[in-house]
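>>> model the following, please.
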Amino acid sequence: MKKLVTSLMAAALAATVGTAQAADTFNLKFQSSDNTGNANFLLKKEWAARVKEATGGRVNIEMMPVGSIVKHTETMDAIGSGILDGHVTATGYFSGKDPAFGLIGNTVGAWGDPNEMLLFMEQGGGTELLREMYQPYGLYFIGASATGLEAFVSKVPLDGVADLKGLKLRAPEGLVQAVFAAAGAAPVGLPGSEVYTSLDKGVIDAADYTVFSTNEQQGMHKIAKHPVYPGFHAMPVLDVSINLKTWNKMGADLQQILKMSVRDFARQMTSTLKMADLAAVAKVKARGDVTIHDWSAEERNKFRAIAMTEWKKFSKKSPNAKKVYDVLTKFMADNGMLN
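Just a heads-up that it's a prediction; the model follows:
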């Protein structure tokens, strides 16, 4: 009888502990770098829904559009202070904190395909670098995604580097602006939500924005009829990060689910947007009211040479930037990407 009572008590205790663990629910607010009408934002909301399903409702992420709580450049501070729980945004927006975020977040001219960048992040040391860099700010970098090689929005014909001279264009803070300035352009820092109106009002003539299909969906080609596709310049790291204290409160099972979910998110986003790009390009060509410019290999190499000079300059701006530069260029050299 004593053994039976002991067994029943042990079973009850185990059930209580199991219930307590299952009851640990994390209701989180994440801010996106996209507005609600952006196709990327919808993919981010789908990711949040999959996380909820995969965790049995233990992790509920409310995905909010750009600017809903803080400016797009302020999410890092907001997460560290607990105003936000996380973000899905471009790492390069935080170049003002450390130039290293600009160098790793959008290594302009480096990648010809999203899988190259994701390979660097997952296998080449990029993830470890960002986790180390974010820790002092109270963030944990879960993983990276990518939209794909961005197209370039322009109201004027652009067929090579020489056409960038004097061009008023929107470019994110940090390395991206530095490279375009070195190429002769006049970059302006604007959030993505202001690109359309700025083009429409003539504040800018071109924009480093996002992929071709999203540009088309948002009506960019109605006012900017000279896109460059495939893009020659940028493929930013889409950064999925969370408050470090919140991350440490999660069990290993939830942490693993979140890491795996971001890997899945990256593949879903790149493949979905690639298919959408192909369809949008075909649609635009059939319509005949837009001229698509595809830069020659020679012009792309000219731009990359300018970009590589800026990478090296950025490497001297902080100890972290030097780390990023060394790890990045070694990875590219080892894999034949600097030829």
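>>> buried set for stretch 194-206?
By neighbour count on 16 or more other C-beta atoms under 10 Å, the buried set for stretch 194-206 is 194-196, 198-199, 204-206. In short, each C-beta sits where N, CA and C put it, glycine included.
>>> okay, and which of those map to strands?
A206 (DSSP state E).
>>> let's have the buried residues of stretch 194-206 in a markdown table, adding pLDDT and distance to D277.
Shown next, in a markdown table, are those (pLDDT from 0 to 100; distance: C-beta to C-beta, whole Å):
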| residue | pLDDT | distance to D277 |
| --- | --- | --- |
| E194 | 90 | 23 |
| V195 | 92 | 18 |
| Y196 | 93 | 19 |
| S198 | 95 | 23 |
| L199 | 95 | 20 |
| I204 | 96 | 23 |
| D205 | 96 | 23 |
| A206 | 97 | 19 |
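>>> the buried residues of stretch 194-206 in helices, which ones?
Using DSSP state H, 195-196, 198-199 are the members of the buried residues of stretch 194-206 that sit in helices.
>>> got a markdown table for those residues, with distance to M337 too?
Below are those laid out as a markdown table (distance: C-beta to C-beta, whole Å):
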| residue | distance to M337 |
| --- | --- |
| V195 | 30 |
| Y196 | 34 |
| S198 | 34 |
| L199 | 33 |
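>>> what is the nearest of these to G143?
Set against G143, the nearest of those by C-beta to C-beta is V195 (26.6 Å).
>>> so where do the strands sit in the stretch 201-339 of the chain?
Along the stretch 201-339 of the chain, counting by DSSP state E, counting those that start in this stretch, strands occupy 206-208, 238-243.
>>> quick one: which of those strands is nearest T55?
For the strands of the stretch 201-339 of the chain, proximity to T55 was assessed by C-beta to C-beta; strand 238-243 is nearest, at 13.5 Å.
>>> pull the residues that contact that closest one.
Here strand 238-243 makes contact (C-beta atoms under 8 Å, 6 or more residues apart in numbering) with 28, 79-80, 82, 84-91, 105, 130, 134, 138-147, 258, 262, 265-266, 269.
>>> kindly reformat the strands of the stretch 201-339 of the chain as a markdown table and extend each row with distance to G160.
Listed next are these as a markdown table, based on distance: least, C-beta to C-beta, whole Å:
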| stretch | distance to G160 |
| --- | --- |
| strand 206-208 | 14 |
| strand 238-243 | 28 |
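>>> how many residues are close by F101?
Residues lying near F101 (other C-beta atoms under 10 Å) number 29.
>>> give me the low-pLDDT residue ranges for the stretch 1-150 of the chain?
Within the stretch 1-150 of the chain, the set of residues satisfying pLDDT under 70 comprises 1-23.
>>> can you give me the helices for it?
2-23, 39-54, 75-81, 99-105, 114-123, 126-134 (DSSP state H, counting those that start in this stretch).
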